[in-house]
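**Student:** Sequence unavailable; structure follows:
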């Protein structure tokens, strides 16, 4: 069960980072276009987080195997 908790923590950290990066990129792009839409930023960021978790399931997490 310990490995599951470690994986979930690593995947969660990676997903949060991905959400933050997507939000920054979306806000930056929308600002240039003078059309910042909160729904767009939130939906793109949430989708990126979900995709990050799915990618972690499919390909694994190299940061979880460090030190083993």
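**Tutor:** Yes, it's here. Since the structure is predicted, the reported quantities are computational estimates derived from the model, not experimental observations.

**Student:** Residue most distant from the centroid, the protein?
**Tutor:** In the chain, counting by Cα atoms, centre = their mean, residue 34 sits farthest out from the average C-alpha position, at 25.2 Å.

**Student:** From residue 55, how far off is that residue?
**Tutor:** In this view, residue 34 and residue 55 are 33 Å apart by Cβ to Cβ, to the nearest Å. All C-beta spots, glycine's among them, are computed from the backbone N, C-alpha and C.

**Student:** how close does residue 60 sit to residue 4?
**Tutor:** From residue 60 over to residue 4 the distance is 13 Å, taken as Cβ to Cβ.

**Student:** Looking at these two, which one has more neighbours?
**Tutor:** A count of neighbours by other Cβ atoms under 10 Å puts residue 60 above the other of residue 60 and residue 4, at 13 against 8.

**Student:** what about the one helix or strand residue 54 maps to, distance to the chain center?
**Tutor:** According to DSSP states H and E, residue 54 maps onto helix 38-59. Remark: helix 38-59 is offset 6 Å from the chain centroid, using Cα atoms, centre = their mean, to the nearest Å.

**Student:** Contacts for it next, please.
**Tutor:** 7, 10-11, 14-16, 18-23, 26-27, 30 (Cβ atoms under 8 Å, 6 or more residues apart in numbering).

**Student:** List only buried entries from those.
**Tutor:** Among the contacts of helix 38-59, those buried by neighbour count (16 or more other Cβ atoms under 10 Å) are 7, 10, 11, 14, 15, 18, 19, 22, 23, 26, 27, 30.

**Student:** average pLDDT across the one helix or strand residue 6 maps to?
**Tutor:** Applying DSSP H and E as the criterion places residue 6 in helix 2-32. Averaging pLDDT along helix 2-32 yields 91.

**Student:** just to revisit the earlier point, pipe the buried ones among the contacts of helix 38-59 into CSV and attach distance to residue 51 per row.
**Tutor:** Below are those laid out as CSV (distance: Cβ to Cβ, whole Å):
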residue, distance to residue 51
7, 17
10, 16
11, 12
14, 11
15, 9
18, 8
19, 10
22, 9
23, 14
26, 14
27, 19
30, 20
